[in-house]
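1. what shape does this take:
(one chain, ligands or ions: 2)
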Amino acid sequence: MIEKFRNFRNWVIYQIYPRSFLDTNGDGIGDLNGVTAKLDYLKDLGVDAIWLCPCYKSPNVDNGYDIADYRQIMDEFGTIEDAKRLIAEIKKRDMKLIMDLVPNHTSDQHRWFIESRKSKDNPYSDFYYWFDEPINDWRATFGGSAWQYDEMRGQYYLHSYAVQQPDLNWDTPKVVKEMQDVVDFWIDLGVDGFRCDVIDQISKDFEGDNNCFGPNLHKYIHALFGREKAAHLFTVGECWAGDIEEICRHTKAERGELSTLFQFDHLNETGRYEGNNRNCKWNEKPGELRTARDILTKWQLLNQEHDILHTLFTDNHDNNYFLSRAANDTDLRYESATCIATMIYLMNGVPLIYQGQEIGCCGSHYDSLDDFDDIESINLYHELIGAGNSHAEAMKTLNFGGRDNARRPMPWTAGENGGFTTGKPWITMASRYKEINLETDLASEKSVFRFYKELFALRKFEEVLRQGTFTPLHKAEDNFAAYLRELDGRRICVVCNFDETNKIEIPEAHGEILLSNYGRTQGDERAFRPYEIAVYRMQ
Ligand code: TEU
Ligand code: CA
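-> Ligands and ions are numbered 1, 2, ... in the order given. Model prediction:
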């Protein structure tokens with residue numbers, strides 16, 4: 001692995017959904033100055049880099065993933081001067097900033113689309129996909145047909161997501177140039193990388209009836225990041241690549257494309273609702289932790305064999321907290337949160353943590369649709385009711401799988417609105433925020449924050465945890481994860497018990513104790529308790 005990619009393994013990346021992080025001007029909406037105000041908090045946690053979800057000018061149909069100007073800051077979040085100050089303050093602390101690039105589509109309020117829809121022969125006419133009739137039966141992720149008739153233009157345009165998110169036509173050379181200029185604009189402002197939204201969709205395979213992995217995909221990704229100006233960047237793609245060959249085509253260093261990518265199959269997240277299909281994020285799945293362990297083990301070994309950089313994550317702004325989906329977020333919330341964190345973040349790769357994970361945030365339960373904001377959830381609710389489901393059944397689906405769960409404001413204190421805002425929060429606070437917030441966590445004997453801080457410090461201190469190999473020790477039938485990290489003869493064993501009831505004996509569990517979520521001391525050989533983890537330096 002090249003030096004640059006090896007160095008990325010030394011980072012801990014923290015994902016911020018700025019709308020819900022901290023409001024500093026009382027309008028109930030998080031803002032960039034709120035992120036700046038919390039940089040020391042993040043530094044203290046052990047964060048090296050921040051992935052900032054879209055903060056560009058947007059009408060917020062999809063909360064910033066519908067961009068009206070890639071070079072201006074969303075009015076609610078502040079100004080470009082606030083952005084420059086945030087970047088300067090990040091650099092002062094020797095931290096990095098990764099912006100969220102959304103290359104597949106814009107808002108329908110972007111000037112390119114406003115111009116494009118005016119006629120068939122203006123300079124922006126071919127910036128989007130226009131046809132006299134829908135040319136296939138593609139569906140939009142947020143429901144309905146992916147083709148929308150536009151009265152002004154008199155044609156249909158393609159939108160893979162909301163109607164208000166028209167897909168850019170990357171086969172138009174000027175689109176490629178414009179997006180290169182957007183990347184360069186933010187590089188010149190000093191950003192250190194990009195998370196690339198649905199990057200596999202920027203080339204469509206109309207022949208193969210597939211809205212991603214088109215014939216020019218790698219040409220376009222290379223056009224963005226295979227240039228000298230972009231050579232230093234950390235780039236992570238939100239990708240659907242399901243086989244190792246395609247993943248290598250995206251991420252091998254010599255290809256000049258991405259540093260790494262998100263693979264979602266350990267989250268069982270196929271995205272769109274597929275009824276009672278187990279394999280989608282909306283439905284509860286027993287044994288999810290073991291399934292995730294086995295999928296992660298598969299990719300750890302494959303990525304290691306092909307010497308590519310792996311992303312280590314369980315949460316993001318598109319999913320309910322993994323803690324609530326896969327473990328026990330009630331009477332064993334601390335144990336579950338610390339068990340999940342240890343299993344994922346001591347593996348081989350670059351750790352990414354989503355805001356709130358570090359204090360054991362979990363899903364909410366609301367019975368009124370008024371407590372939901374996300375276009376995906378609200379569209380799905382109406383689809384479910386239309387399909388004959390009761391209100392209660394539809395709300396059960398939204399509460400378990402909806403994106404609003406992870407977008408409820410970060411609870412800093414047990415006080416009014418969790419200390420997130422002095423105004424009215426833009427969305428209802430998490431239903432348990434009075435119990436689960438930073439202030440209460442830090443006052444607890446069992447602090448998730450202090451455990452995360454210790455976990456990241458251990459990873460920072462032990463090079464074998466950042467650069468070592470991964471060898472699984474568990475077997476498929478084991479209800480625990482156990483793996484070995486090795487580097488130049490140094491060996492560290494990680495053990496995570498998933499069992500809530502039975503205590504288990506783990507033969508590999510011996511050596512010098514480096515970390516425990518039960519206060520296990522040296523030489524304590526008792527059986528493992530529910531969600532107990534231990535990390536050993538082995539002789
Ligand atoms: O998400 C792409 C994607 O996979 C969506 O289908 C998302 O995962 C969905 O919630 C699955 O149920 C990216 C962004 O992460 C998401 O926030 C945006 O809404 C979407 O693209 C459009 O930009
Ligand atoms: Ca604000």
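2. next up, the contacts around the residue nearest the centre of the chain.
-> Nearest residue to the geometric centre of the chain (CA atoms, centre = their mean): Asn316, 3.3 Å. Counting by CB atoms under 8 Å, 6 or more residues apart in numbering, Asn316 touches Gln15, Phe262, Leu352, Tyr354, Ala406. Where C-beta positions appear, they are placed from N, C-alpha and C, glycine not excepted.
3. can you lay out those as TSV showing distance to Ala482, secondary structure and pLDDT?
-> TSV is the format used below for these (distance: CB to CB, whole Å; DSSP: H, G, I helix; E, B strand; the rest coil; pLDDT from 0 to 100):
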residue	distance to Ala482	secondary structure	pLDDT
Gln15	28	strand	98
Phe262	25	strand	95
Leu352	23	strand	98
Tyr354	26	strand	98
Ala406	29	helix	98
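4. now flag whichever of those residues is closest to ligand 1.
-> Checking those against ligand 1 by CB to the nearest ligand atom gives Phe262 as the nearest, at 9.2 Å.
5. what is the neighbour count of that closest one?
-> Other residues within reach of Phe262, judged by other CB atoms under 10 Å, total 18.
6. show me where the stretch 151-300 of the chain dips below the pLDDT cut-off.
-> Confidence mapping of the stretch 151-300 of the chain against pLDDT under 70 gives the ranges 268-279.
7. before we move on, what about the chain?
-> Across the chain (using pLDDT under 70), the flagged ranges come out as 268-279, 502-504, 508-509.
8. and this protein, which residues reach ligand 2?
-> The chain comes close to ligand 2 at residues Asp23, Asn25, Asp27, Ile29, Asp31, as judged by CB under 5 Å from the ion.
9. just name whatever secondary elements the lengthiest helix in the chain is in contact with.
-> If you go by DSSP state H, the chain has its longest helix at helix 288-305. Using 3 or more CB pairs under 8 Å, 6 or more residues apart in numbering; DSSP states H and E as the contact test, the elements touching helix 288-305 are helix 244-251, helix 322-326, helix 333-345, strand 469-472, strand 480-487.
10. pretty sure the residue nearest to the centre of the chain belongs to a helix, no?
-> No: Asn316 is assigned coil when assessed by DSSP: H, G, I helix; E, B strand; the rest coil, not a helix.
11. from the stretch 301-450 of the chain, which residue is nearest to ligand 1?
-> For the stretch 301-450 of the chain, CB to the nearest ligand atom, closest residue to ligand 1: Asp318, 3.8 Å.
12. surely that residue meets Arg403?
-> Yes: taking contacts as CB atoms under 8 Å, Asp318 lies within contact range of Arg403: 5.3 Å.
13. rewinding a little: show me which pair in the contacts of Asn316 is furthest apart.
-> The span of the contacts of Asn316, defined through CB to CB, is set by Phe262 and Ala406 at 14.9 Å.
14. for the helices and strands packed on helix 288-305, give me a markdown table that also has mean neighbour count.
-> A markdown table is the format used below for those (neighbours: other CB atoms under 10 Å):
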| stretch | mean neighbour count |
| --- | --- |
| helix 244-251 | 18 |
| helix 322-326 | 25 |
| helix 333-345 | 25 |
| strand 469-472 | 17 |
| strand 480-487 | 21 |
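15. I'd like the ones you listed as TSV, with distance to ligand 1 appended.
-> Shown next, in TSV, are these (distance: least, CB to the nearest ligand atom, whole Å):
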stretch	distance to ligand 1
helix 244-251	16
helix 322-326	13
helix 333-345	19
strand 469-472	27
strand 480-487	25
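16. mind checking how far the residue nearest to Val350 when sequence neighbours are not counted is from Leu101?
-> Among residues not flanking Val350 along the chain, Phe8 sits closest, at 5.1 Å (CB to CB, 6 or more residues apart in numbering). Applying CB to CB, to the nearest Å, the value for Phe8 to Leu101 is 17 Å.
17. likewise Met152?
-> In this view, Met152 and Leu101 are 29 Å apart by CB to CB.
18. so for these two, which sits in the more crowded spot?
-> A direct count of neighbours by other CB under 10 Å for Met152 and Leu101 places Leu101 higher, at 26 against 10.
19. residues in contact with the more buried one?
-> Val182, Val183, Phe194, Arg195, Cys196, Asp197.
20. recalculate using a threshold of 7 Å.
-> Contact partners of Leu101, counting by CB atoms under 7 Å, 6 or more residues apart in numbering, are Val183, Phe194, Arg195, Cys196, Asp197.
21. turn those residues into TSV, columns for neighbour count and distance to Gln522.
-> As requested, the contacts of Leu101 are exported to TSV (neighbours: other CB atoms under 10 Å; distance: CB to CB, whole Å):
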residue	neighbour count	distance to Gln522
Val183	24	51
Phe194	28	45
Arg195	25	41
Cys196	27	46
Asp197	20	47
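22. would you turn these into a markdown table with secondary structure?
-> A markdown table is the format used below for the contacts of Leu101 (three-state DSSP):
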| residue | secondary structure |
| --- | --- |
| Val183 | helix |
| Phe194 | strand |
| Arg195 | strand |
| Cys196 | strand |
| Asp197 | coil |
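23. just checking: which of these also lie near ligand 1?
-> Asp197 (CB under 6 Å from any ligand atom).
24. name the nearest of the contacts of Leu101 relative to Arg466.
-> Arg195 (20.8 Å).
25. just the strands in the stretch 1-150 of the chain please.
-> Counting by DSSP state E, counting those that start in this stretch, the stretch 1-150 of the chain has strands at residues 13-16, 49-52, 56-57, 69-73, 96-101, 130-131, 147-150.
26. any figure for the gap between the most far-flung residue of the chain relative to its centre and Trp147?
-> Most distant residue from the mean C-alpha position of the chain: Asp121, 39.2 Å away (CA atoms, centre = their mean). According to CB to CB, Asp121 stands 21 Å off from Trp147.
27. so which residues on the protein come close to ligand 1?
-> Within the chain, the positions lying close to ligand 1 (CB under 6 Å from any ligand atom) are 62, 65, 102, 141, 161, 197-198, 238, 271, 281, 317-318, 376, 403.
28. which of those sit farthest apart?
-> Farthest pair in these (CB to CB) is Val102 and Lys281. Separation: 20.7 Å.
29. more neighbours, these two?
-> Legend: neighbour count by other CB under 10 Å for Val102 and Lys281, higher for Val102 (30 against 22).
30. quick check: chain neighbours aside, which residue is closest to the more buried one?
-> Nearest one to Val102, counting by CB to CB, 6+ apart, is Asp197 at 4.3 Å.
31. I'd say the one you found and Asp100 touch.
-> Yes: counting by CB atoms under 7 Å, Asp100 is a contact partner of Asp197 at 6.4 Å.
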